[in-house]
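Asker: Sequence unavailable; structure follows:
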Ligand code: GLY
Ligand code: MN
Ligand code: MN
């Protein structure tokens, strides 16, 4: 066996290779039906984003790979998801053809955008019926170059032309490296080991994404609306959930079903944490039972077709009634969330949002007698004892990525000034681990997080997820009405 055959493991039936078969399968296909396509709503927004980028990188060729399909194991793959920087500048979202590359080429005056992607191969090729990875018989049809050009208002070229283009890379090229390491290496080989502006490009696009445009905010609203529906779906299944030994999985499945039905996917792995699992901040194993008397902490977000996501957490009592201690903790967290929300307005520093939430969290855990030091000492930089019960941050930017703008510099993110149009989360929590000897027994195993998504307005902030029940009473009524 050749190495290639070993690698492919030809145990499964293979496509016939004789020419009679090729002739037969290549012929007698009706003309492809024409789709009627129109320019996408995001086109002018993407053009504006590219204009700002172009001004910053005058004379540079800029490369934004969508990225390859990622292997899950052997010949199975993760669901495809284009890299966010690619989508940000191109407007191509869930239906991106894998391996596409957006290239911005300097034209003396700015940049021309070209989308290199794998064109439909045609019924006369072997690829269409014999290539399980990209053949259209296997993975579905690809859009025509004209259709893509109309929908995105970007010139299209065949991916087959890309190697020759990349071969001309020189020191005036910059690429989003993490999106496609193979393309990054190809560019590196051509331009040689010189100083590059790759890192600067990654930082620039992250910082550009800190303030959302009108299109982005409306897509995030859609993502939140679908997420709200998903939370409602879950509450409607609680009797089934409590009857199943892995009730958390049913919660995940029900939410993810909504994400697939109304959006592209979930924006991150759904956290469905019942009882003490709620104290594990990113509990995604979701293999536990959901019992009467438990709180369920559900942290989930639908990613819509444009690839914007929501990131919402609600914590609710399975039986529709908070116990006295559960309610005490819940209301402390809600107060922290409201305090954080109240300070948001243009001009504040981002980390003040966290500080506002922490002041409330610290006051409560101090009042309950859990801290070994005074409240003042705990709040001081050298103290922070209260963080034992909430080790995570209160806010992160949200958009194409759940933790959006990850490469923005600290002075524009954590230490940055809050500006109108920013979208971020407010998500304080309190988590009393099951084995935490610093708290009384009746607090142990209670975990609460309340997470909303807000947009900064000219004078303050709008809670985009305010429509999903938040107060303890609202949450109880919500669970009761769905039971
Ligand atoms: N779902 C992850 C987070 O809230 O940041
Ligand atoms: Mn979050
Ligand atoms: Mn979350």
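Answerer: Okay, I see it. From a predicted model like this one, the values you see are computed outputs, not experimental measurements. Ligands and ions are numbered 1, 2, ... in the order given.

Asker: what residues does stretch 192-206 touch?
Answerer: For stretch 192-206, contacts defined as C-beta atoms under 8 Å, 6 or more residues apart in numbering pick out 53, 56-57, 60, 62, 85, 88-89, 171, 173-178, 184, 405-409. Every residue, glycine included, has its C-beta placed from N, CA and C.

Asker: Can you tell me the SS state at the residue lying farthest from the centre of the chain?
Answerer: Here the chain reaches farthest from its C-alpha mean at residue 20, the gap being 47.8 Å by C-alpha atoms, centre = their mean. Following DSSP: H, G, I helix; E, B strand; the rest coil, residue 20 is assigned to helix.

Asker: Narrow the contacts of stretch 192-206 to those that are buried.
Answerer: 53, 57, 60, 62, 85, 88-89, 173-177, 184, 405, 407-408 (16 or more other C-beta atoms under 10 Å).

Asker: now, among the residues you listed, which is nearest to ligand 1?
Answerer: Comparing these against ligand 1 with C-beta to the nearest ligand atom places residue 405 closest, at 13.4 Å.

Asker: hang on, the earlier thing: keep only those of the contacts of stretch 192-206 that are in helices.
Answerer: Counting by DSSP state H, the contacts of stretch 192-206 place 53, 56, 85, 88, 89, 184 in helices.

Asker: The third one and residue 79, how far apart?
Answerer: When you say that, I think you mean residue 85. Note on residue 85: its distance to residue 79, by C-beta to C-beta, to the nearest Å, is 19 Å.

Asker: do the fifth one as well
Answerer: Separation of residue 89 from residue 79 (C-beta to C-beta): 22 Å.

Asker: Kindly list the main-chain dihedrals of residue 115?
Answerer: The main-chain torsion angles of residue 115 are listed as degrees, to the nearest 10 and equal phi -100, psi 110.

Asker: Residue 64 too?
Answerer: On the backbone of residue 64 - angles per degrees, to the nearest 10 - the values are phi -120, psi 90.

Asker: what's the answer for residue 211, then?
Answerer: Dihedral angles (degrees, to the nearest 10) for residue 211: phi -110, psi 120.

Asker: Surely it and residue 421 touch.
Answerer: Yes. If you go by C-beta atoms under 8 Å, residue 211 and residue 421 touch, sitting 4.2 Å apart.

Asker: and residue 101, what does it touch?
Answerer: Applying C-beta under 8 Å, 6+ apart, the residues near residue 101 are 63, 64, 65, 66, 86, 115, 116, 117, 159, 162, 180, 183.

Asker: I'd like these as CSV, with neighbour count and pLDDT appended.
Answerer: Shown next, in CSV, are these (neighbours: other C-beta atoms under 10 Å; pLDDT from 0 to 100):
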residue, neighbour count, pLDDT
63, 29, 98
64, 31, 99
65, 27, 99
66, 25, 99
86, 27, 99
115, 24, 98
116, 23, 98
117, 23, 98
159, 16, 98
162, 22, 98
180, 23, 98
183, 23, 98
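
Asker: all strands of the stretch 151-300 of the chain, in order?
Answerer: Remark: strands assigned in the stretch 151-300 of the chain by DSSP state E, counting those that start in this stretch are 155-158, 173-175, 265-266, 271-274, 295-300.

Asker: which of those strands sits most buried?
Answerer: strand 271-274 (a mean of 28; mean count of other C-beta atoms under 10 Å).

Asker: That strand: how far from the chain's middle?
Answerer: 19 Å (C-alpha atoms, centre = their mean, to the nearest Å).

Asker: hmm, that strand touching ligand 3?
Answerer: No. Strand 271-274 lies apart from ligand 3 when judged by C-beta under 5 Å from the ion; the minimum separation is 7.0 Å.

Asker: residue ranges of the strands in the stretch 351-483 of the chain, please?
Answerer: Using DSSP E, counting those that start in this stretch, strands in the stretch 351-483 of the chain cover 423-426, 429-432, 446-449, 452-456, 461-463.

Asker: And the contacts of the shortest one?
Answerer: The set of residues that contact strand 461-463 without belonging to it, under C-beta under 8 Å, 6+ apart, is 341, 344, 345, 452, 453, 454, 455.

Asker: re earlier: for the residue farthest from the centre of the chain, give me the pLDDT.
Answerer: Residue 20 carries a pLDDT value of 95.

Asker: Then residue 171?
Answerer: Taking residue 171 on its own, its pLDDT is 94.

Asker: Also residue 194?
Answerer: For residue 194, pLDDT reads 83.

Asker: same question, residue 482
Answerer: 78.

Asker: which one is it nearest to, not counting chain neighbours?
Answerer: residue 235 (3.6 Å; C-beta to C-beta, 6 or more residues apart in numbering).

Asker: Run a quick neighbour tally on that neighbour.
Answerer: 23 (other C-beta atoms under 10 Å).

Asker: and the closest residue to ligand 1 within the stretch 151-300 of the chain, bridged to which residues?
Answerer: Nearest residue of the stretch 151-300 of the chain to ligand 1 (C-beta to the nearest ligand atom) works out as residue 299 at 4.6 Å. Note on residue 299: beta-bridge partners residue 271, residue 313, judged by DSSP bridges.

Asker: Just to check, it is in contact with residue 267?
Answerer: No. The criterion here is C-beta under 8 Å, and residue 299 misses it with residue 267 at 10.8 Å.

Asker: shared neighbours, those two?
Answerer: residue 311.

Asker: Sort out which residues of the longest helix anywhere in the chain are buried, please.
Answerer: If you go by DSSP H, the chain has its longest helix at helix 214-235. Across helix 214-235, burial judged by 16+ other C-beta under 10 Å covers 215-217, 219-231, 233-235.
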